[in-house]
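**Q** generate coordinates for the sequence data below:
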Amino acid sequence: MSNAIYSEEQKQLMITSLQATIDDCKKKIAMAQATIKLLTGNESSQQNDFSKFRAIKKTREGSSDWFSKIKHVLEISGKPLTSREILDMIYEEFPDFEKDSTHMGSLSSALRSKSKTNEIIREKTDGEFARFSLMDDLL
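**A** Here you go, the predicted model:
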């Protein structure tokens, strides 16, 4: 992969997305470690670990309904949006949705998944970020 084909803005967005993926993996590891401690019966820290596990799980559950948020912002925008534009609008439309460095990775995963099932259309032009729209927008 040559650096020359990406603008500085594209490089920065890619780096941010990759860092979000790393942060998401760290949270998954922490959740797995807490679960292992619970299952192995480490009594001295079991309650504390379980509280951490529930807090991590609650955070993940709160962000699990990506498609409804994506769909909402694409409906109100009325035009195809980049993943960054979608995330910025999600933060605007859902003020209780706390900003998190892992969101871009989660959003990208949701967009990719829904693109594969044709629930979201991905449009890509050379040298530009992909833009996403709802299937209904094309009808």
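**Q** check the gap between the residue nearest the centre of the chain and residue 94 for me.
**A** Central residue of the chain (Cα atoms, centre = their mean): residue 106, 1.8 Å from the mean position. Per Cβ to Cβ, to the nearest Å, residue 106 is found 14 Å from residue 94. Any C-beta I mention is one placed from the backbone N, CA and C, and that applies to glycine too.
**Q** where does the residue nearest to the centre of the chain land in three-state SS?
**A** helix (DSSP: H, G, I helix; E, B strand; the rest coil).
**Q** that one reaches residue 17, doesn't it?
**A** No: counting by Cβ atoms under 8 Å, residue 106 stays clear of residue 17, with 10.2 Å between them.
**Q** so which residues of the chain form helices?
**A** In the chain, the helices defined using DSSP state H lie at 8-40, 46-62, 66-77, 83-93, 103-116.
**Q** got TSV for those, with mean pLDDT and distance to residue 125 too?
**A** As requested, these are exported to TSV (pLDDT from 0 to 100; distance: least, Cβ to Cβ, whole Å):
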stretch	mean pLDDT	distance to residue 125
helix 8-40	80	13
helix 46-62	49	34
helix 66-77	91	18
helix 83-93	93	15
helix 103-116	88	15
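**Q** could these be laid out in a markdown table, adding distance to residue 135?
**A** Listed next are the helices of the chain as a markdown table, based on distance: least, Cβ to Cβ, whole Å:
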| stretch | distance to residue 135 |
| --- | --- |
| helix 8-40 | 24 |
| helix 46-62 | 27 |
| helix 66-77 | 10 |
| helix 83-93 | 16 |
| helix 103-116 | 9 |
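**Q** residue 131 is nearest to which of those helices?
**A** Closest to residue 131 of those, according to Cβ to Cβ: helix 83-93, at 8.4 Å.
**Q** and the closest one, what does it pack onto?
**A** Using 3 or more Cβ pairs under 8 Å, 6 or more residues apart in numbering; DSSP states H and E, the elements in contact with helix 83-93 are helix 66-77, helix 103-116.
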